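Visitor: sequence and predicted structure are below.
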Amino acid sequence: MMSEIEPPRDPVSSIPAFLVAGTHSGVGKTTVTLGLMAALRARGLKVQPFKVGPDFIDPTHHTAVCGRPSRNLDPFMMTEEGVRRSFFSAIDGADVAVVEGVMGIFDGMDGTDESSTAHVAKILDLPVLLVINVHGMSRSAAAVEKGFAEFDPLLRLAGTILNRVGSERHLAMLKSCMNLPTFAALPREKEIEMKSRHLGLVMGFEKEHDLGALASWLEQHAAIDQILKLKACALASPAQKAQDAQVPSETRVRIGIAWDEAFCFYYQDNLRELERCGAQLVFFSPMKDDLPDVDGLYIGGGYPELHAAALHAGRARRQILRASEDGMPIYAECGGLMYLGRELVAEAGTYEMVGALPGSTIMTSRLVALGYAKAEVAGDNLLAGPGHTILGHEFHYSRFECDSDARFAYRMVRGKGIIEGRDGLVEHNTLGAYLHVHFFSLALDRFIDRCKRYRES
């Protein structure tokens, strides 16, 4: 792997910060992370949450528990410099930073370390708490611990969190043979169930977290005081701080953000980048609200198939079509693409959608695309000029059937796109794609400028 990781600099005084990782998916990382966040917040601390990788769903749970927007940390989409920039800007005003890993700690792209939890931990020089599911194990857990501790000497593995401990006797056996500090031993009968659907967990705003139960569970079974002694050693550079400063603008454009139960997949840094470039964000629900007085639109992903009837009935549907035909800059991703098409064919029926893009969405019972994506801009569009490389992620259970003469914005270098390695349907000043783009891979000046020109037209 080609890495930009710098040698560790001198440790600096900073807020407590640590990363919760797992040996593999399904060991209880999210439950443990939410419990730690709840316990820290119950102590009156301001907790800044983060999630490794491109996931949209876990961050909503973090945000619900912490009361601060969770940030994604993803070296593929953001670059290593982007990871540092996002982390150090987000911790401003926080008392402690908690990062949740993704998959197994060393699981990266194509069998490499790239964009793995370990990769992010090394970029930020974060101490790692490794969650091990010890159900059915005693001394074997020590072998797991030893293997993970020695696999990458650059990783700061501070200790373990033992999940699904069977009894006090079981815990005593585990501690007798393990070498690293045990920061928590969580009994299996107390594990919290998390509902899921096809794209992952139910969104954080859909679930009422019992914060008191989460907090007391971790306070009882974790060494919180010891965890709060863990700190990152990386130091933000003046360039990173300068990059995060908001660009002043005498005349801020108004950009509508579709935000409700149907459209809720947004990277927090994408919204901040729009603001940094001089945009005023206006949030509205396409299901319930009229299209607000805005100069452009950003419609993210989500679950439009679960709310197709309400989207069809919403007044905004026809208003957005008129705005698109009038030349308003409109950018949409995945669920937004589905909404801008003519129809959405779901299990509950067929629903007419906006009709701004030449095609219709068919929901499928199987996963159609999953993974990191890289696209080369094929022609001039809202976001970038010809030849520019855009980075992001795909994840959908649908296909978009478009007209034979449809125009596409992207050639996929990595990923599937809409059809035959092409993505990004273009019509008027509207762009809709399956690709979830991270805005750190492009400059937003072009989108902002088009919004200004539309306002002045």
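Guide: Received the coordinates, thanks.

Visitor: in stretch 440-452, which residues are buried?
Guide: 440-442, 444, 446-448, 450-452 (16 or more other Cβ atoms under 10 Å). In this view, the C-beta of every residue, glycine as well, is placed from N, C-alpha and C.

Visitor: need the CA coordinates for it. PDB is fine.
Guide: The C-alpha trace of stretch 440-452 is given here as PDB (Å, rounded to 0.1, in the frame of the first residue of the first chain):
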ATOM      1  CA  PHE A 440     -12.900  16.300  -0.100                       C
ATOM      2  CA  SER A 441     -12.100  14.800  -3.600                       C
ATOM      3  CA  LEU A 442     -13.200  17.900  -5.500                       C
ATOM      4  CA  ALA A 443     -13.600  21.700  -5.300                       C
ATOM      5  CA  LEU A 444     -17.100  22.900  -4.800                       C
ATOM      6  CA  ASP A 445     -16.500  26.300  -6.400                       C
ATOM      7  CA  ARG A 446     -18.100  25.100  -9.700                       C
ATOM      8  CA  PHE A 447     -21.300  24.100  -7.900                       C
ATOM      9  CA  ILE A 448     -21.500  27.300  -5.800                       C
ATOM     10  CA  ASP A 449     -20.800  29.400  -8.900                       C
ATOM     11  CA  ARG A 450     -23.600  27.700 -10.900                       C
ATOM     12  CA  CYS A 451     -26.000  28.400  -8.000                       C
ATOM     13  CA  LYS A 452     -24.900  32.000  -8.000                       C
END
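
Visitor: burial count for P153?
Guide: Residues lying near P153 (other Cβ atoms under 10 Å) number 7.

Visitor: per-residue confidence for it?
Guide: We have a pLDDT of 95 for P153.

Visitor: follow-up on the earlier one: can you add distance to R407 and pLDDT and give the buried residues of stretch 440-452 back as CSV?
Guide: Formatted as CSV, the buried residues of stretch 440-452 follow (distance: Cβ to Cβ, whole Å; pLDDT from 0 to 100):
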residue, distance to R407, pLDDT
F440, 27, 95
S441, 22, 93
L442, 20, 92
L444, 22, 95
R446, 18, 94
F447, 18, 97
I448, 23, 96
R450, 17, 96
C451, 21, 97
K452, 24, 96
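
Visitor: nearest to T31, of those residues?
Guide: The shortest gap between T31 and any of these belongs to F440, at 29.7 Å (Cβ to Cβ).

Visitor: for that closest one, give me its contacts.
Guide: Residues counted as contacts of F440 (Cβ atoms under 8 Å, 6 or more residues apart in numbering) are 77-79, 82, 85-86, 269, 273.

Visitor: again with R188
Guide: Counted by Cβ under 8 Å, 6+ apart, R188 has contacts 135, 163-166.

Visitor: please redo it, this time with the cut-off set to 7 Å
Guide: By Cβ atoms under 7 Å, 6 or more residues apart in numbering, R188 lies in contact with 135, 164-166.

Visitor: and the gap between it and V27?
Guide: From R188 over to V27 the distance is 12 Å, taken as Cβ to Cβ, to the nearest Å.

Visitor: tell me the buried residues in stretch 114-124?
Guide: 115-124.

Visitor: and these as CSV, adding secondary structure and distance to A258?
Guide: Putting these into CSV (DSSP: H, G, I helix; E, B strand; the rest coil; distance: Cβ to Cβ, whole Å) gives the following:
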residue, secondary structure, distance to A258
S115, coil, 28
S116, coil, 32
T117, helix, 31
A118, helix, 35
H119, helix, 32
V120, helix, 29
A121, helix, 34
K122, helix, 36
I123, helix, 32
L124, helix, 32
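
Visitor: picking up where we left off before, filter the contacts of R188 down to the buried ones.
Guide: Buried residues within the contacts of R188, counting neighbours by 16+ other Cβ under 10 Å: 164-166.

Visitor: what about G26, how many neighbours?
Guide: Other residues within reach of G26, judged by other Cβ under 10 Å, total 11.

Visitor: for it, which non-adjacent residue is closest in space?
Guide: N133 (7.7 Å; Cβ to Cβ, 6 or more residues apart in numbering).

Visitor: hey, what's that neighbour bridged with?
Guide: With beta bridges defined as DSSP bridges, N133 has these partners: N163.
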